[in-house]
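S.K.: My questions concern the predicted model and sequence given below.
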Amino acid sequence: MKIKKYGHACLLVDINGVKIITDPGSYSPAPDATGVAAVLITHEHQDHMDVGNVKAIQAANPGVRIISHADVVAKLKDAGIEAETIEPGQSVDVNGVAIESFGTEHAVIYKTSPCRNTGFLIGGELFVTGDAVHDVPSKPVRVLALPTGGPWMKLGEAIDYVKAVKPEIAFPVHDALYTDAVQRSIGHWMQPNFDGTKYIDLAPGEEKEF
């Protein structure tokens, strides 16, 4: 599995030639990939769902499937974008790659959750949480896209989440609010506290094999 990080929470995942984009939000450049089979959107916030970026992906990838929960699907429809609904516990097939939905709520920023949030287990290997480090998928996770920053979390919560999920590998996402220097150093704060999980840094624009 190859993963390219466009920035923040936007990833291009390639599993045996099946390309899937996650959360093409406003903190990331519009992904320039072609041959993309699906776009997965965890929730409606602008840093995860930028309508202009979604339309750019559609223009470059005719027939691409847009998949999210019902609230996002409704907002996309208002913008003239057709999308497919996936609900918690459901699974859809994208060219032989299973996409499974886990979780229902965005992390609490102050007192209440601001919106729905869906985490995605991609190909039975990669878990993309969106803005939540409280929902632990009921299946094993080999690779975790780990949020490391945001107005709703602290690093201790990220560490606890890794310990709860127990992935083999974790790499950072949701980190556009940090400077590059902080992004590159944050693993040094977390890795010593992990119980066997390997932390691999992934910078914006970088692609690695996992």
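M.R.: Received, thanks.

S.K.: buried residues in stretch 163-171?
M.R.: 165, 167, 169-171 (16 or more other C-beta atoms under 10 Å). The C-beta positions use only the backbone N, C-alpha and C, and glycine is treated the same way.

S.K.: mind exporting it as PDB, just the C-alpha atoms?
M.R.: Written as PDB, here are the backbone C-alpha positions of stretch 163-171 (Å, rounded to 0.1, in the frame of the first residue of the first chain):
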ATOM      1  CA  LYS A 163      -2.500   2.500  22.700                       C
ATOM      2  CA  ALA A 164      -6.200   1.700  22.300                       C
ATOM      3  CA  VAL A 165      -6.100   0.900  18.500                       C
ATOM      4  CA  LYS A 166      -2.700  -0.900  18.700                       C
ATOM      5  CA  PRO A 167      -1.700  -0.400  15.000                       C
ATOM      6  CA  GLU A 168       1.600  -1.700  13.700                       C
ATOM      7  CA  ILE A 169       2.300   1.800  12.200                       C
ATOM      8  CA  ALA A 170       1.000   5.300  12.800                       C
ATOM      9  CA  PHE A 171       1.700   8.400  10.700                       C
END
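
S.K.: Centre of the chain to that stretch, how far?
M.R.: On the basis of C-alpha atoms, centre = their mean, to the nearest Å, stretch 163-171 sits 15 Å off its chain's mean C-alpha point.

S.K.: Report the mean confidence score over it.
M.R.: Taken as a whole, stretch 163-171 has a mean pLDDT of 98.

S.K.: Strands along the protein, start to end?
M.R.: Applying DSSP state E to the chain gives strands spanning 2-7, 10-15, 18-22, 36-40, 65-68, 84-85, 91-94, 97-102, 119-122, 126-128, 143-147, 169-173, 198-199, 207-209.

S.K.: May I see those strands arranged in a markdown table, with distance to Gly52 as well?
M.R.: Converted to a markdown table, the strands of the chain look like this (distance: least, C-beta to C-beta, whole Å):
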| stretch | distance to Gly52 |
| --- | --- |
| strand 2-7 | 14 |
| strand 10-15 | 13 |
| strand 18-22 | 14 |
| strand 36-40 | 13 |
| strand 65-68 | 14 |
| strand 84-85 | 20 |
| strand 91-94 | 23 |
| strand 97-102 | 24 |
| strand 119-122 | 22 |
| strand 126-128 | 21 |
| strand 143-147 | 23 |
| strand 169-173 | 21 |
| strand 198-199 | 33 |
| strand 207-209 | 23 |
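
S.K.: if we compare these, which one ends up closest to Asp180?
M.R.: strand 2-7 (11.1 Å; C-beta to C-beta).

S.K.: ok, residues contacting that closest one?
M.R.: Applying C-beta atoms under 8 Å, 6 or more residues apart in numbering, the contact partners of strand 2-7 are 11-14, 24, 27-29, 31, 33, 126, 143, 171, 173, 176, 202-210.

S.K.: Kind regards, and thank you for your time.
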